[in-house]
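# Starting from these lines, generate the structure:
(chains A, B, C and D)
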Protein chains: 2
Amino acid sequence: MVRLVSVCASLSDEELALLESLAHHTHFASGATLFTQGREAHSVYNITEGVVRLYKLLSDGRRQVVGFALPGDFLGLAMRDAFGFSADAIGEVTACSFSRSAYTALVDAKPHLLKRLHEAATHELTLAHEQMMLLGRRSAEEKLVCFLLGMQQRWARLGKPSVTVPLPMTRQDIADFLGLTIETVSRTFTRLAKDKTILIVPGGVRLMNPERMNQLAA
Amino acid sequence: MVRLVSVCASLSDEELALLESLAHHTHFASGATLFTQGREAHSVYNITEGVVRLYKLLSDGRRQVVGFALPGDFLGLAMRDAFGFSADAIGEVTACSFSRSAYTALVDAKPHLLKRLHEAATHELTLAHEQMMLLGRRSAEEKLVCFLLGMQQRWARLGKPSVTVPLPMTRQDIADFLGLTIETVSRTFTRLAKDKTILIVPGGVRLMNPERMNQLAA
DNA sequence: GGTATGCGTTGACGCAGATCAATGCGTCCC
DNA sequence: GGGACGCATTGATCTGCGTCAACGCATACC
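Numbers count the residues shown, from 1 in each chain, chains lettered A, B, ... in the order given. Model prediction:
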C-alpha cells in the first residue's frame, strides 16, 4: 500500500514506458478478491481507480482491517513469497498488475526505484505505528475522528481536497479497522452528528467542526 | 528495529570493515534515552546488548509501546528527518551508532545493502500488521500469550532458545505494548500461572504448556 | 404490491477490562 | 534497623463498549 505516483516520480520516461509495458490492466467487480492472505504472491498491484479493503482473519472469523488502499497505492510489496493479508474491492476497482518476477527484475536493475520503494515502505511503517497507538490507547470517539481526518488528508493528497469525506466502505469495515463493533461505530457517528461535529451524508461524512476534531485527535 | 545480523550477511568483509569504522560504540545506563520522538534523527543505532523500549506518547501522557528492540535490532531507519518514536534503555544497553549522513552515503553506494534493508523494513511491516490484529481484536489473555510466544521466538532466533522467557521490561511496559492496564496484565499472568500454563520466575516466565498457548494464539 | 436481502440505527442489558485503593516485597540509603 | 521508593499483586467497584435484539429503509426481484 504504497503510492505509485511518488514511486514513479523518480523514473525516467524510458523506465516508465518499460513499467507500463509490464502492466496488465485489470478490472474487479464490487466485492471481488484481488488476492488472499497466505496464497503465493505472483503479482503486484497498483490501484488505478476505486478503494480496496486490506484485512487479516483469525481462525474463528475475527477480522482486522489493516488498511484501505486508494488510487495510486501499491499492493503486494510487503511479502517475500506469500501475501500477508487479503484484499478485496470496495465498489468497482481497476488496477494495474505486474508479475512478481518482472517487478523483482526491474527493482534489481534500478537502485533509485528501490530507494523510493524503501522510503514508501518506511512511511507505511510510521503509519502502522500511528495505528497501533490508535488501536491500543484511544477511545471510540477518538478512533473515529482520527479515521475521518486521516481519510480526508488522503483524499486531499490525491487532489480531491474537500470537507466532505467519501466513505465507500461499510460500517463493518470501519469497525474492523478501528477495533470496534458496528454498533459502536454507528452510535459514535450519531453522537458526532448530534454535536454538529460532522454531518452524515449519503456515501460519506461532511466535517463541520474540523477544529474540534483536530483537538480530539491531539 | 531491524536485525543487523541479517542485514550485514550480504556485505563483504571489506564492506563490514567500512561499516565498523563508521560505528561509535555507546553505552546507555538503565532508563537512559537513546532518542526522542520528533527530534531530528542524526544517528542510526544497532543494539549490541540489552533491551530497548520503543514508544509513542499522546499529549495527555497515554503511551503506546510500539516494540522492544533486542540485540541485533536496528533503530532509526524508519524516519526521513525526525524520529517517529522514542527509545530508552531497559536495563544496561550497549549500541553502535552511525551518523545518519554516513549511513545514507553507504546505503547509496551499496544497492544490495539497500535491498536487505528493504526486506527488513517489509518484515517489520508484516509484524506491525500482526500487532494491529492483536491490539484490535484479541482478548487480554490472548494478547499476553501471543506476546510471550513472540518473545520466546525472538530470543530463540538470537541463539537463546529456552522455555524460560526473559522479561526485562516492567508490567507497565507490557501493558502499554498490549493496549492493557498494568492491573490486567498482572491478573492475567496470575491466572495463567494458576492454570499451570506458565510459571512466573524472577525476571521472566517459564512456559509450562506451550501447546495450549499456541492454541490460544491460533 | 409483497417480501426478501443487505446495511444501518437504536435500545436494553451484560461483561471484560479500567479505575480506585490497599497491601506486599524487594532494594537502597541513612 | 527503619523508612522511602519502585514495582507487582490483589480486591472492590465502575464503565465503555460489546452483545443481543428489534426496527428502519433502501434496492431488487417475483
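# Contacts only, for residue A:145.
Counting by Cβ atoms under 8 Å, 6 or more residues apart in numbering or on different chains, residue A:145 makes contact with A:192, A:197, A:213, A:216, A:217. Where C-beta positions appear, they are placed from N, C-alpha and C, glycine not excepted.
# now residue A:65
Per Cβ under 8 Å, 6+ apart, neighbours of residue A:65: A:53, A:54, A:55, A:173, A:176, A:177.
# if you set the cut-off to 6 Å instead, what comes out?
Residues in contact with residue A:65 (Cβ atoms under 6 Å, 6 or more residues apart in numbering or on different chains) are A:53, A:55, A:173, A:176, A:177.
# Contacts for stretch A:98-109 next, please.
A:22, A:23, A:41, A:42, A:44, A:113, A:114.
# and chain A, what are its domains?
What automatic domain parsing lists as the domains of chain A is A:2-133, A:138-217.
# just flag whichever of those has the lowest average confidence.
Mean pLDDT is lowest for domain A:2-133 among the domains of chain A, at a mean of 86.
# one step back: export the contacts of stretch A:98-109 to JSON lines and tack on distance to DNA strand C?
Below are these laid out as JSON lines (distance: Cβ to the nearest atom of the strand, whole Å):
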{"residue": "A:22", "distance to DNA strand C": "35"}
{"residue": "A:23", "distance to DNA strand C": "30"}
{"residue": "A:41", "distance to DNA strand C": "28"}
{"residue": "A:42", "distance to DNA strand C": "29"}
{"residue": "A:44", "distance to DNA strand C": "28"}
{"residue": "A:113", "distance to DNA strand C": "38"}
{"residue": "A:114", "distance to DNA strand C": "40"}
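# What parts of chain A come near chain B?
A:56, A:58-59, A:62, A:64, A:66, A:78, A:84, A:111, A:114, A:118, A:121-122, A:124-126, A:128-129, A:131-133, A:135-137, A:179, A:218 (Cβ under 6 Å from any Cβ of the partner chain).
# Inside helices: which ones of those?
A:111, A:114, A:118, A:121-122, A:124-126, A:128-129, A:131-133, A:135-137 (DSSP state H).
# List only buried entries from these.
A:111, A:114, A:118, A:121-122, A:124-126, A:128-129, A:131-133, A:135-137 (16 or more other Cβ atoms under 10 Å in any protein chain shown).
# Generate a markdown table for the contacts of residue A:65, with distance to residue A:201 and secondary structure as supplementary columns.
Shown next, in a markdown table, are those (distance: Cβ to Cβ, whole Å; DSSP: H, G, I helix; E, B strand; the rest coil):
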| residue | distance to residue A:201 | secondary structure |
| --- | --- | --- |
| A:53 | 21 | strand |
| A:55 | 26 | strand |
| A:173 | 18 | helix |
| A:176 | 23 | helix |
| A:177 | 20 | helix |
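# What helix or strand is the closest residue in space to residue A:113 that isn't next to it in sequence located in?
Of all residues not flanking residue A:113 in the chain, residue A:107 sits nearest, at 5.9 Å (Cβ to Cβ, 6 or more residues apart in numbering or on different chains). Using DSSP states H and E, residue A:107 sits within helix A:100-109.
# Now do the buried residues in that helix.
Here helix A:100-109 shows A:100, A:102, A:103, A:106, A:107 as buried, counting by 16+ other Cβ under 10 Å.
# can you check stretch A:76-83 too?
Going by neighbour count (16+ other Cβ under 10 Å), the buried part of stretch A:76-83 is A:76, A:77, A:78, A:79, A:83.
# what's the most distant pair in those residues?
The most widely separated members of the buried residues of stretch A:76-83 are A:77 and A:83, with 10.5 Å between them, by Cβ to Cβ.
# Count the neighbours of residue A:84 for me.
Residue A:84: 21 surrounding residues under other Cβ atoms under 10 Å in any protein chain shown.
# Compute the distance between the spatially closest residue to it that is not a sequence neighbour and residue B:133, please.
Computed as Cβ to Cβ, 6+ apart, the closest residue to residue A:84 that is not its neighbour in sequence is residue B:126, at 4.8 Å. Counting by Cβ to Cβ, to the nearest Å, the gap from residue B:126 to residue B:133 is 11 Å.
# Same question for residue A:19.
33 Å.
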